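A.B. asks: sequence and predicted model, in that order:
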Amino acid sequence: MNDLSDISAEHAIKIQKNRERVIDTIGKNMDLYGITLSIGHLYGHMYFNNGPVTLDELSESMGMSKTSMSTGVRTLMDLKMIEKVWGKGSRKDLYEAVPDWHQNFTDYFSLKWRKAVESNMTALSRSLNEIRDLQASVEGNGKLRSILESDESKITQAIEYYKWLLKLIESLETGKIFEFIPKQ
């Protein structure tokens, strides 16, 4: 992490304790969203680094294996929370935190929600088609028809919800959400 060697030991210790508290808070927050605590801590360390780092540097500063660091870095890259950067004269891959928490939030939820919505919409559409096929093949039988109509209505309501959720996702992806809820 940032070089604290040019300041007094007392100040360096206080700064380090404050950073560790924030890093732990970042990790706990990310854990709420389904990202492991250790990957949250990794992001926190990179966030305070103020520059690109190698896997070796991360491994050393966090006391974790290079394999664990590699897995964590890959996860954070998939979530668009860190990026691989170029470093003059460096032969190793360098990584840097994306410091825009608003963008991190919108990217994370857009990726997760879109994947879930697409999967759920596929299942709902399949079920709706099967119900409609059943309705077309059933003659009379008022009770069965009533059940199928009720199920069709419920599935249609669920599909409408997912269509709304897609609009929310699009507002996150385009940044339009910030017109309604401005960044501070």
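C.D. replies: Perfect, thanks for sending it.
A.B. asks: ok, the residue nearest to the spatial centre of the chain to residue 102 distance?
C.D. replies: Nearest to the geometric centre of the chain sits residue 108, at 2.6 Å (CA atoms, centre = their mean). In this view, residue 108 and residue 102 are 11 Å apart by CB to CB, to the nearest Å. From N, CA and C alone the C-beta is placed, and that goes for glycine too.
A.B. asks: one more: residue 63?
C.D. replies: Taken as CB to CB, the span from residue 63 to residue 102 is 31 Å.
A.B. asks: the more surrounded of the two?
C.D. replies: residue 102 (14 against 6; other CB atoms under 10 Å).
A.B. asks: list the contacts of that one.
C.D. replies: 178, 183 (CB atoms under 8 Å, 6 or more residues apart in numbering).
A.B. asks: go on, residue 104?
C.D. replies: Residues near residue 104 by CB under 8 Å, 6+ apart: 79-81, 98.
A.B. asks: what about it, helix or strand, and which?
C.D. replies: Secondary structure assignment for residue 104, by DSSP states H and E: helix 101-137.
A.B. asks: can you give me the strands in the protein?
C.D. replies: Using DSSP state E, the strands of the chain run over 82-85, 94-97.
A.B. asks: tell me which of those strands sits most buried.
C.D. replies: strand 94-97 (a mean of 19; mean count of other CB atoms under 10 Å).
A.B. asks: and the contacts of it?
C.D. replies: By CB under 8 Å, 6+ apart, strand 94-97 touches 43, 46-47, 49, 51-55, 58, 73, 77, 81-87.
A.B. asks: give me the ChimeraX select line for those residues, limited to the buried ones.
C.D. replies: In ChimeraX, a selection of the buried entries from those looks like this (16 or more other CB atoms under 10 Å):
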select :43,46,47,49,52,53,54,55,58,73,81,82
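A.B. asks: so which of the contacts of strand 94-97 belong to helices?
C.D. replies: Judged by DSSP state H, helices contain the following of the contacts of strand 94-97: 43, 46-47, 49, 55, 58, 73, 77.
A.B. asks: lowest-confidence member of the residues you listed, which is it?
C.D. replies: Scanning the ones in helices among the contacts of strand 94-97 for pLDDT, the low point is residue 49. It has 87.
A.B. asks: check the gap between it and residue 95 for me.
C.D. replies: 9 Å.
A.B. asks: which one of the strands of the chain lies closest to residue 118?
C.D. replies: Nearest to residue 118 among the strands of the chain is strand 82-85 (25.3 Å), distances taken as CB to CB.
A.B. asks: in its sheet, what does the closest one sit against?
C.D. replies: Partners of strand 82-85 in the sheet, by DSSP bridges, are strand 94-97 (antiparallel).
A.B. asks: which stretches of this protein have low pLDDT?
C.D. replies: By pLDDT under 70, the low-scoring segments of the chain are 1-2.
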